[in-house]
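A.B. asks: turn this into a model:
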Amino acid sequence: QLQLVESGGGLVQPGGSMRLSCVTSGFTLDYYAMGWFRQAPGKEREGISCIDARAGTYYEDSVKGRFTISRDNAKRTVYLQMDSLKVEDTGVYYCVANVECNQYPDTWRNPDASWGQGTQVTVSS
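C.D. replies: Numbers count the residues shown, from 1 in each chain. Coordinates of the predicted model:
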């Protein structure tokens, strides 16, 4: 059974850094494109970064230059390094397996994708 378990969320001050991890099981990570989505309070869930099976990476405009997605297939883990965090980065962050990973974040959703339970990130002073 495919499982995605996110960790690393919490409270951080504006300008700070945080790294999210997504530990996967139940499938061979090597063959899948993975993504991170975010749901801010009162807003729809949106894709913010994805990494394809060849480790090509894509980012939503608001996080470009601040966030870095990576994968370690041997550890079955996907990471999201978040730097220069802003208050507007607050939200629940979801790890997603089997996304449509390309340069257009609005197209990343896949009906066959699998979602983690999410981890809360709060950026506040």
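A.B. asks: next, count neighbours for the closest residue in space to residue 66 that isn't next to it in sequence.
C.D. replies: Taking C-beta to C-beta, 6 or more residues apart in numbering, and ignoring the residues beside it in sequence, residue 66 has residue 84 as its nearest neighbour in space, at 4.6 Å. Where C-beta positions appear, they are placed from N, C-alpha and C, glycine not excepted. Using other C-beta atoms under 10 Å, residue 84 has 13 neighbouring residues.
A.B. asks: against residue 55, how distant is residue 84?
C.D. replies: Computed as C-beta to C-beta, to the nearest Å, the residue 84 to residue 55 distance reads 23 Å.
A.B. asks: now swap in residue 117 and tell me
C.D. replies: Counting by C-beta to C-beta, the gap from residue 117 to residue 55 is 25 Å.
A.B. asks: got it, and residue 9?
C.D. replies: Counting by C-beta to C-beta, the separation of residue 9 from residue 55 is 24 Å.
A.B. asks: the more surrounded of these two?
C.D. replies: residue 9 (17 against 10).
A.B. asks: help me confirm that that one comes into contact with residue 93.
C.D. replies: Yes: assessed by C-beta atoms under 8 Å, residue 9 is found in contact with residue 93 at 6.5 Å.
A.B. asks: what do these two both touch?
C.D. replies: Overlap of the contact sets of residue 9 and residue 93 (by C-beta atoms under 8 Å, 6 or more residues apart in numbering) consists of 20, 119-121.
A.B. asks: contact partners for the residue nearest in space to the middle of the chain?
C.D. replies: When the chain is reduced to its mean C-alpha position, the closest residue under C-alpha atoms, centre = their mean turns out to be residue 36, at 2.1 Å. Each residue near residue 36 by C-beta under 8 Å, 6+ apart is listed here: 20, 22, 47-50, 69, 78, 80, 93-96.
A.B. asks: out of the shared contacts of residue 9 and residue 93, name the ones that lie in strands.
C.D. replies: The members of the shared contacts of residue 9 and residue 93 that map onto strands under DSSP state E are 20, 119-121.
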